[in-house]
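> sequence below, structure please.
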Amino acid sequence: MSRPAALHILRTLRDNGHVALLAGGCVRDRLLGQAPKDHDVASDAPPQRVRQLFKRTRAVGEAFGVVLVDLKLDGERSTTEVATFRTEGVYSDGRRPDAVRYSDAKHDAQRRDFTVNGLFEDPDRQHPDADRDGIIDYIGGRADLQAKVIRAIGDPARRFAEDYLRLLRAPRFAARLGFTVHPATADTIRQNANQIQRIARERIGDEIRRSLLGPHPALAAALLDSLGLSVAVVGWEPRDEKQGPAFLPRLDPTATYPTRLHVWMHGRDTHLPPPRLRKALCLSNGETAELTQLRRFHDLPDLWPTLSVAQRKRRLAEPGRAQAFENFTHFVSDRVGSSRSASRDRDRTIRVQGCTRQATIIRNRARQIRRINW
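Numbering: from 1, shown residues only. From the prediction side, this is the model:
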C-alpha cells in the first residue's frame, strides 16, 4: 500500500471538508526509520461519505467505520484502509465492540491497543495538534518509541478485555521491534493469559506464526514463555524463564515455521504430538507432516555415530525423510558435521563405504548450517 496513494486519499478528503490523517503502524515505522508495510488513513468522514468520494471501494467493516479504497496512481494500483474516527462500547465477547460511535482523533487514539500504534501524522502539518514533524501524539507513543517499550493505552486490563488477541500482539510487536513490554502491561497479560482461549484458533495460530517467522524468533518465544501465553495457547508445562529458547538464536534465518516450532519445543524440553499442535495452532497438513518428520529426527545427532551405513541409508530412504533431513540440518549440531574438517572427514568415511549420495547431502548442508552445541 503506497504512501502516494494514501496521501492522495487524505488530501481528497481534506479538499472535501474533512479531517484526515495517517494513522497507526505507518507512523510508528516511519519514526523508527523503517519502511511501512502499508499506510492507513483515519478521518472524520463516515463510511458512506468515503464511498461517495472514491469510485472503487469495499466495505470490510462498515459497521465499525472501515472502508478499503482501491486506487491506481502513476500506473500502480494499491488498496488503502480508511477508518472513521470512533469510540467503542463494551466488548462483551472479548472480540468486537457491542456499539461504535464516531468521534474525533483524540478519542480515536484512546481506543487503540498500544501507545506506539496510537500515533497520527499530518504530512501537511495543518492540524493544530501536530508538532514540527507533523506527528500528533495524544497518548505518549513517541516517548515509548524512544524508550523502546510496548505499553497498553490507558488501563491495560480494559485494553485486553476489548480484544484478547492483543495478549499475543504485545509480544509480537515487542519481538519484531526489539522492544520490552512495560511491567504493568506484562503483569496484566500474565493475569489474563487464559482468556486467549476465547479467541478463534485461526487468529491465535496466525499470531504465533507471525511471531516465530519474524526477525527475532528467540525473543518472541522467550516473551511467549515468560508471559504465560505458550502455556495458555498450547498447554505446555510452565518452565524456568532463565533457560530461555536455547537454540532459536542460532537458527538459520531461512528455517521453516515447523522447524522453528520444533526447535522451540526442544529448547524448552517439551514434546507434544504434532496433531495436538496442529489443532492448537491451526497448522496445515504439510506443516504437520514436516513437524512429524522433524520429531522423528530429534535424536539423530546422538544416534548418528552408532548407526551403520545401512541404517543411515534406511533413515534417509524412508518416504519424506530426505526432505525432513534437509530441514533438520538447518539446526543440527556439529555432530552431523558443521565444520569443514568434520564434514571432510565424514565425507571421506562415507565415500569409502560407498554412500556417495548421503555424503553429498551432508556436505552441502554442512556449508549452510550454523554451529549449534546441543
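> what helix or strand is the residue nearest the centre of the chain located in?
For the chain, the residue nearest the mean C-alpha position is R210 (2.6 Å; CA atoms, centre = their mean). With elements taken from DSSP states H and E, the one containing R210 is helix 201-212.
> what does P171 give?
When secondary structure is defined using DSSP H and E, the element that contains P171 is helix 166-177.
> cool, and R58?
The secondary structure element spanning R58 is strand 57-61 (assigned by DSSP H and E).
> need the residues that contact that strand.
Residues from elsewhere that reach strand 57-61, judged by CB atoms under 8 Å, 6 or more residues apart in numbering: P47, V50, R51, V66, V67, L68, V69, D70, E81. Using the backbone N, CA and C atoms, a C-beta is placed for each residue, glycine as well.
> same check, this time on stretch 179-193
The set of residues external to stretch 179-193 that reach it, using CB under 8 Å, 6+ apart, is 114, 116, 144, 148-152, 156-157, 160-161, 164, 167, 170-171, 173-174, 223, 227-229, 231-232.
> which element, helix or strand, includes D225?
In this assignment (DSSP H and E), D225 forms part of helix 217-226.
> pull out the buried residues from that helix.
The neighbour-count check on helix 217-226 (16 or more other CB atoms under 10 Å) flags P217, A218, L219, A220, A221, A222, L223, L224, D225, S226 as buried.
> repeat for stretch 252-268
Applying a neighbour-count criterion of 16+ other CB under 10 Å, one finds 252, 255-268 buried in stretch 252-268.
> follow-up on the earlier one: next secondary structure after the helix holding P171?
Next helix or strand after helix 166-177 toward the C-terminus (DSSP H and E): strand 180-181.
> so in that sheet, which strands flank that following strand, and in what orientation?
Sheet pairing of strand 180-181 (DSSP bridges) gives strand 149-150 (parallel).
> chain center to the strand it pairs with, what's the gap?
When distances are taken as CA atoms, centre = their mean, to the nearest Å, strand 149-150 is centred 16 Å away from the chain's centroid.
> contacts for it?
Residues lying outside strand 149-150 but in contact with it, judged by CB under 8 Å, 6+ apart, are F114, V116, D144, A170, F173, A174, L177, F179, T180, V181, H182, T185.
> quick one, domains of the chain?
1-147, 149-296, 297-366 (automatic domain parsing).
> mean pLDDT for those - can I get that in JSON lines?
Formatted as JSON lines, the entries for the domains of the chain read as follows, by pLDDT from 0 to 100:
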{"stretch": "domain 1-147", "mean pLDDT": "90"}
{"stretch": "domain 149-296", "mean pLDDT": "88"}
{"stretch": "domain 297-366", "mean pLDDT": "54"}
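> how much space between A23 and P36?
Between A23 and P36 the computed distance is 11 Å (CB to CB, to the nearest Å).
> with neighbour numbers in mind, choose between those two.
Set side by side, A23 and P36 show unequal neighbour counts under other CB atoms under 10 Å, the larger going to A23 at 28 against 19.
> what residues are up against the more buried one?
For A23, the contacting residues are D40, V41, A42, A83, D108, L119, F120, E121, by CB under 8 Å, 6+ apart.
> hang on, the earlier thing: quick check: buried residues in the strand holding R58?
Along strand 57-61, these residues count as buried under the neighbour rule (16+ other CB under 10 Å): T57.
> distance from the chain centre to it, please.
Counting by CA atoms, centre = their mean, strand 57-61 comes out at 25 Å from the chain centroid.
> by neighbour count, which of the contacts of A23 wins?
Of all those, the highest neighbour tally under other CB under 10 Å goes to L119, namely 28 neighbours.
> coming back round to it: filter the contacts of stretch 179-193 down to the buried ones.
Among the contacts of stretch 179-193, the ones that count as buried by 16+ other CB under 10 Å are 114, 116, 144, 149-152, 156, 160-161, 164, 167, 170-171, 173-174, 223, 227-229, 231-232.
> where do the strands of the stretch 1-150 of the chain begin and end?
Secondary structure of the stretch 1-150 of the chain, counting by DSSP state E, counting those that start in this stretch: strands at 20-23, 40-43, 57-61, 66-73, 76-84, 86-88, 100-102, 120-121, 135-136, 149-150.
> now these in CSV, with distance to L248?
Listed next are these as CSV, based on distance: least, CB to CB, whole Å:
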stretch, distance to L248
strand 20-23, 33
strand 40-43, 32
strand 57-61, 35
strand 66-73, 36
strand 76-84, 33
strand 86-88, 37
strand 100-102, 40
strand 120-121, 35
strand 135-136, 35
strand 149-150, 20
